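Trainee: missing the sequence, but the structure's below:
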């Protein structure tokens, strides 16, 4: 690898042991990838210092402290280190516990206290506590071409595709190392050629609603896997909520980290620009039949129309989505047999509180929660058997993780299920 | 295994080191990509993903031969935890390089090889005895049928 003088100094220990260990980890990672050099990153989104009772016990010999967990797990160092301040802008993504509603989520007090302690530990090191899978909704909006080091597949695909910033799907250890060095391997999505399209998707069915964008994403992820789809055809220009649901779905059924919408996304002014020197390896059509099949696939795990749980906010709800939920719940009350949980970020919840939306949702019997979701927190109301969801991503993960049935439909159908306790959704 | 068997029955694949080290063991081969978070129990190494052909089986102490990684950015964390829990594979041989599998192999400290001159999914079958010399980029396969 070719290192700059500044990088060599970090590797030689000129900036302290923790920075040295972070650099050593990044060199091992870059060599594994086959990267030749690093890029400087000015935007890191990870989960530094997050801990669990398992990690605390495992590192008991080092006292199980937050510094021990950061040293041994985040930096994969056998040595216990003093953890310095972040050297580049770093935010913390989602985690396991809502600080206001952790009891409702079924968390044990010890586990919640541990999580609070790790939050303080990284706050003291200059990390921004966003606690959301949607940093781009709450002020972390990288500029075009900015080199980022992001985790969270739904945020990665948004960062590359919608913003034209550049990130690979980083992991916890690489983002924590980037936090202390401002470097990630120059590989993959940091390179121009890697960002060009591989598959052409002809959208023959008109795609407009949030639900339709989610289904299209779910279809495409399964069709292209980890490759880069280029879409053209019958779709209206999506807003950021539609991008959010589309990308999250494509990154769940497959591993899509970037997509191009011809005439919409910033690196796809034309089809030629989206493909660069590549030719599409395949052209895939999305029509009435494909749409019907993806709807059936998403609903294939459900048979009981009695719904006892409705979960919205995957990825975390935008303020417009909380407003929509509050309006749909106006002068209604959710069924005594059903729970409604809506997940968002702390910042969006604060705004929703100012607008009176949290109060409206609470008046109808729903709860607005932050920091986590049912899949990440592995938390559903006790006794839940059947959930209704408006997110293809959550429908992909939650039934497998929690062993429950899941219906997939529109936000409006989900709110209807919360009010009536019955699933009455159908493909429009 | 005896030297006679070694010279007669062994197929050698050559590739690129991902993470150095030498390990040998029984192969566990899949044509399905592997999800980390939500797809594997890190405490046991058991694959959980609903539609995975290896669902219910553990890669603990195996030589894991697979196309590559998919799914959540929590891939490295799950495989990292499998090392702490003593449930990691002994070595990995795979085809498709991604940031997920690269970082996962690094923090698992697991001898790993990719970019092989023959498709390991064609050459290696579950139950074959495999020796991975990742430093040299060499994978040696003793076919199960030959034993």
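Mentor: Yep, that arrived. Because the structure is predicted, anything quoted here is derived from the model rather than measured.

Trainee: how about the residues of the stretch 1-150 of chain A by chain B?
Mentor: Applying the criterion CB under 8 Å from any CB of the partner chain, the portion of the stretch 1-150 of chain A that neighbours chain B consists of A:25, A:28-29, A:32-34, A:54-55, A:58, A:73, A:76. All C-beta spots, glycine's among them, are computed from the backbone N, C-alpha and C.

Trainee: greatest separation within these: which pair is it?
Mentor: Taking every pair in these and measuring CB to CB, the maximum separation is 32.7 Å, between A:34 and A:54.

Trainee: and the helix or strand where residue A:341 lies, how far out from the chain middle?
Mentor: Residue A:341 is part of strand A:339-344, with elements assigned from DSSP states H and E. Relative to the chain's own centre, strand A:339-344 is displaced by 17 Å; criterion: CA atoms, centre = their mean, to the nearest Å.

Trainee: ok, the closest residue to chain B within the stretch 101-250 of chain A to residue A:293 distance?
Mentor: Checking the stretch 101-250 of chain A residue by residue against chain B with CB to the nearest CB singles out residue A:171 as nearest, at 3.5 Å. As defined by CB to CB, to the nearest Å, residue A:171 lies at a distance of 33 Å from residue A:293.

Trainee: again, but for residue B:87
Mentor: When CB to CB is the yardstick, residue B:87 and residue A:293 sit 37 Å from each other.

Trainee: which residues touch the residue of the stretch 101-250 of chain A closest to chain B?
Mentor: Contacts here follow CB atoms under 8 Å, 6 or more residues apart in numbering or on different chains; on that basis residue A:171 touches A:151, B:73-77, B:99-100, B:103-104, B:107.

Trainee: the residue of the stretch 251-400 of chain A found nearest chain B: what's its closest spatial neighbour, skipping adjacent residues?
Mentor: When distances are taken as CB to the nearest CB, the stretch 251-400 of chain A approaches chain B most closely through residue A:255, which lies 4.5 Å from it. Excluding the flanking residues, the one nearest residue A:255 by CB to CB, 6 or more residues apart in numbering or on different chains is residue A:226, at 3.9 Å.

Trainee: now swap in residue A:73 and tell me
Mentor: Spatially, and ignoring its direct neighbours in sequence, residue A:73 is nearest to residue A:55 (5.8 Å; CB to CB, 6+ apart).

Trainee: just checking, the one you found touches residue A:70?
Mentor: No. Using CB atoms under 8 Å, residue A:55 makes no contact with residue A:70, being 10.3 Å away.

Trainee: compare neighbour counts for the two and give me the winner.
Mentor: Ranked by neighbour count (other CB atoms under 10 Å in any protein chain shown), residue A:55 and residue A:70 place residue A:70 first, with 27 against 21.

Trainee: ramachandran angles for that one?
Mentor: Its backbone dihedrals place residue A:70 at phi -60, psi -40, with angles given as degrees, to the nearest 10.

Trainee: tell me how far it lies from residue B:14.
Mentor: With distances defined as CB to CB, the gap from residue A:70 to residue B:14 amounts to 39 Å.

Trainee: now swap in residue A:255 and tell me
Mentor: 28 Å.

Trainee: likewise residue A:385?
Mentor: Distance of residue A:385 to residue B:14, computed by CB to CB: 53 Å.

Trainee: tell me the secondary structure for whatever residue of chain B ends up closest to chain A?
Mentor: Of all residues in chain B, residue B:76 sits closest to chain A, with a separation of 3.5 Å (CB to the nearest CB). For residue B:76, the secondary-structure state derived from DSSP: H, G, I helix; E, B strand; the rest coil is helix.
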